[in-house]
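1. Generate a structure from the sequence data that follows.
(one chain, ligands or ions: 1)
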Amino acid sequence: MKKKMGLTTKIFIGLITGLIFGLILYPIRENVFVSKVLIGFVFQLGGKAFISAIKMMVVPLVLVSLTCGAAAIGDVKKLGRVGVRTLAFYLVTTAIAITLAITLANIVAPGLGLDLGTLDKTEYTIKQSKPFVQVLIDMVPTNPIKSLAEGNMLQIIVFALLMGTGLTILGDKAKKIKDLFEEANTLVLKLVEIVMKMAPIGVFCLIARTFATLGYEPMVPLAKYMITVLGALVIHAIVTYQGMLYAFTGLNPIKFFKNFSPAMLVAFSTASSSSTLPITIETAEKRLGVSKNIASFTLPLGATINMDGTAIMQGVATVFIAQVYGMSLGLPQYLTVILTATLASVGTAGVPGVGLIMLSMVLQQVNLPVEGIALIMGIDRLLDMSRTAINITGDAACSMIIAKKEGELDVDVFNSDNEDAEIEVA
Ligand code: ASP
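-> Predicted coordinates:
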């Protein structure tokens, strides 16, 4: 029986053919048919419609998934100390991840030298930057419906977090509404999945249009962008997680990676922390020595709210997009990005591609052109796979540290030669 081609393969085919097509068309880009029909109509339509479809998902996704995420955090309170520690670990590591990403992106400056002015004629200007205190004040919506209509992300986030908290406090009294949000969440994720099915065509059109207009010019900046994201992911995994793991447990970091690698590989190939969750839990219990008790709480929560790899991509992408549009971000904007991306991480569902949708929300928050996503969309799948592996590694590192603190870490299991500990890959 012939195996059906997976979405990842299709996206890569879209990427490569788009690239080849674009480069073939570049020398004849002045031709009327090429410029008016292919670049100006077909690629424009396929690419922009796809970006619009992504944008369409942002407000519903943030509203429902954050409400559900906040309701999940609400349950954390019942777990007392373990819950608070886990939450603190997740939020702090995400903020570190995005700060690291922004710093590295500013050092490497992947977007300098590329000018997207040719591709998008619209002039973008950074809004007069507000003092950070005003950013904080403006986070509180005076009219949540207006926030939704205008797509004011920080206000939507605040409102959603509040609703999630309210739902947890009310418990059974508001069960129907909570169920409604959970079902709406399932629905929105289904819509994302449908939109992602368009990705191969969208990616083809976006990449073909970019390269047909700019030739080889974007290649080096894009490669630098990819390397910066991958570099930040590796640094975060080695320095932040392993540093913390070593400081709190004294265990061998290399052994950690060796033991946890089956789960990382599954995350890499599925680009979904949620689908990897069963394997993450099993690997944590059988190879890292985390007790069932701790693993079954920290890991599902992590797969829902802790997305450090995603935050890293968003940090680098924000700087990259600002650079290619020739806009400079100041400290208040960076603080806003850190704040938004950390909160966005809570609302990012662990399925492929959602990180990119959430990126458009981060960009909107600092008034960067969402169109910039077009450039990185084509190569995002590979980064999605890589960041998902880091997302779940962060969950596992946290799980081990919490288990150690609670006296629920079996060091013998961790140290044993558990090569043949059966991990069932579904
Ligand atoms: N695919 C990621 C995950 O499942 C989320 C994302 O960054 O798109 O963890």
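
2. Residues in contact with the strand or helix carrying residue 223: which ones?
-> Using DSSP states H and E, residue 223 sits within helix 219-235. Outside helix 219-235, the residues within contact range by CB atoms under 8 Å, 6 or more residues apart in numbering are 97, 100-101, 104-105, 108, 110-114, 309, 312-313, 315-317, 320, 324, 375-376, 379, 382-383, 386-387, 390. Bear in mind the C-beta positions are built from the backbone N, C-alpha and C, glycine included.

3. From these, list the ones also adjacent to the ligand.
-> Within the set of the contacts of helix 219-235, contact with the ligand (CB under 6 Å from any ligand atom) is found for residue 387.

4. what about burial for the contacts of helix 219-235, which qualify?
-> Neighbour counting over the contacts of helix 219-235 (16 or more other CB atoms under 10 Å) leaves 97, 100-101, 104-105, 108, 110-111, 114, 309, 312-313, 315-317, 320, 324, 375-376, 379, 382-383, 386-387, 390 as the buried ones.

5. List the ones among those residues that fall in strands.
-> Among the buried ones among the contacts of helix 219-235, no member is found in strands (DSSP state E).

6. and the helix or strand harbouring residue 275, average pLDDT?
-> Assigned by DSSP H and E, residue 275 belongs to helix 273-283. pLDDT averaged over helix 273-283 equals 89, rounded to a whole number.

7. before we move on, what about stretch 115-134?
-> Stretch 115-134 comes out with an average pLDDT of 61.

8. Any idea how many residues pack against residue 347?
-> Using other CB atoms under 10 Å, residue 347 is surrounded by 28 other residues.

9. pLDDT score assigned to it?
-> Confidence per residue is given as pLDDT, and for residue 347 that number is 73.

10. swap in residue 250?
-> 90.

11. try residue 222
-> Reading off the per-residue confidence, residue 222 sits at a pLDDT of 91.

12. just use 18 as the starting number from now, easier for me
-> That works, and once the first residue is 18, the last one we named lands at residue 239.

13. Tell me how far it lies from the ligand.
-> 18 Å (CB to the nearest ligand atom, to the nearest Å).

14. Can you get me a residue count around that residue?
-> For residue 239, using other CB under 10 Å, the count is 21.

15. Averaged pLDDT, stretch 190-202. What do you get?
-> This predicted structure assigns stretch 190-202 an average pLDDT of 91.

16. Also stretch 420-433?
-> Mean predicted confidence for stretch 420-433 is 90.

17. buried residues in it?
-> Taking 16+ other CB under 10 Å as the basis for neighbour counts, the residues of stretch 420-433 that come out buried are 420, 421, 425, 426, 430, 431.

18. what's the closest of these to the ligand?
-> Nearest to the ligand among these: residue 420, at 22.0 Å, using CB to the nearest ligand atom.

19. Could I get the contacting residues of the closest one?
-> Taking CB under 8 Å, 6+ apart as the contact definition, residue 420 lies against 306, 307, 308, 311, 312, 426.

20. Rebuild those residues as CSV, extending it with secondary structure and distance to the ligand.
-> Compiled in CSV, the contacts of residue 420 are given as follows (DSSP: H, G, I helix; E, B strand; the rest coil; distance: CB to the nearest ligand atom, whole Å):
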residue, secondary structure, distance to the ligand
306, coil, 24
307, strand, 20
308, coil, 24
311, helix, 21
312, helix, 18
426, strand, 25
